[in-house]
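Colleague: Coordinates only, no sequence provided:
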DNA sequence: TTATAGATTGCCT
DNA sequence: GGCAATCTATAAT
């Protein structure tokens, strides 16, 4: 079964707030050897680069955040709280350093692989949203489920067909999202610019990490 | 069901 | 030295 092509770079070369709305419902795809692990993106946060006090890019370029200052459509993966990785996709051009933090996935393929990566053994007979939610609902969880870390994945081009980490359009065989509306809410876990509503999520989707 | 504390390390001042 | 774009277990209600 052929996979759809990754979204093109110009999809990301826009204001992060505009990209955020359209990224919801798209599929984050991970190749793990011969296996495909995939999840539907149901929650993201926009970071407005150099103009956004909550963004890593706000204080200027450092070794840690340099990917943010590069071209759009690349993975910015960082390590935080001494134990978690988080993944962003860079937006805009090389001048503004905007990005989108991926906060939650609805698993669509590779449940067993996600469970193993999360050390939550997957039992097919016991499949229910409450259990599935533990796989990739949250920025640290989704990186763990897809085995995404800074060492291997920071800077990867998610628009390249041969990439083991890419974003593709919704898969035909997956039920549609028409019943979910995009809503905005405040971002999670930040102290600066905490009032800005730059979190975008699918209202009512059970895989969102924090309800609006 | 909600609230709180502790884990644990790399980055930047 | 301080703290972080988080998660989990445990306690309290």
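Modeller: Perfect, I can see it now. These numbers were taken from a predicted model, which means no experiment stands behind them.
Colleague: For whichever residue of chain A sits closest to DNA strand B, the count of nearby residues, please.
Modeller: DNA strand B sits closest to residue A:82 of chain A, with a gap of 2.2 Å, by Cβ to the nearest atom of the strand. In short, each C-beta sits where N, CA and C put it, glycine included. Number of residues near residue A:82 (other Cβ atoms under 10 Å) recorded here: 5.
Colleague: By residue count, what's the longest strand in chain A?
Modeller: Secondary structure assigned by DSSP state E gives strand A:35-47 as the longest strand of chain A.
Colleague: Contacts for the helix or strand that that strand is followed by, please.
Modeller: Using DSSP states H and E, the helix or strand that directly follows strand A:35-47 along the chain is strand A:75-80. Strand A:75-80 is contacted by residues A:56, A:64-65, A:67-68, A:85-90, A:99, A:143, A:148-150, A:153-158, A:165 when judged by Cβ atoms under 8 Å, 6 or more residues apart in numbering.
Colleague: Keep those residues, but drop any that are not near DNA strand C.
Modeller: Filtering the contacts of strand A:75-80 for proximity to DNA strand C by Cβ under 7 Å from any atom of the strand leaves A:56, A:68, A:86, A:88, A:99.
Colleague: Show me the two of the residues you listed that sit farthest apart.
Modeller: A:68 and A:86 (12.7 Å; Cβ to Cβ).
Colleague: Between the two, which is the more surrounded one?
Modeller: residue A:68 (26 against 22).
Colleague: circling back: for the ones next to DNA strand C among the contacts of strand A:75-80, which one is nearest residue A:122?
Modeller: Looking across those and measuring by Cβ to Cβ, the closest to residue A:122 is residue A:86, at 23.4 Å.
Colleague: Let me know the secondary structure of the closest one.
Modeller: strand (DSSP: H, G, I helix; E, B strand; the rest coil).
Colleague: Is it correct that it is in contact with residue A:141?
Modeller: No - counting by Cβ atoms under 8 Å, residue A:86 sits too far from residue A:141 to count as a contact (10.3 Å).
Colleague: returning to that earlier point: now, of the contacts of strand A:75-80, which are buried?
Modeller: Using 16 or more other Cβ atoms under 10 Å as the burial test, the contacts of strand A:75-80 include A:56, A:65, A:67-68, A:85-90, A:99, A:143, A:148-150, A:153-154, A:156-158, A:165 as buried.
Colleague: now, which of the residues you listed lie close to DNA strand B?
Modeller: Near DNA strand B, by the rule Cβ under 7 Å from any atom of the strand, you find A:65, A:150 out of those.
Colleague: What are the phi and psi values at the residue of chain A closest to DNA strand B?
Modeller: Per-residue torsions, residue A:82: phi 70, psi 0 (degrees, to the nearest 10).
Colleague: do residue A:140 as well
Modeller: Torsion angles, degrees, to the nearest 10, at residue A:140: phi -70, psi -40.
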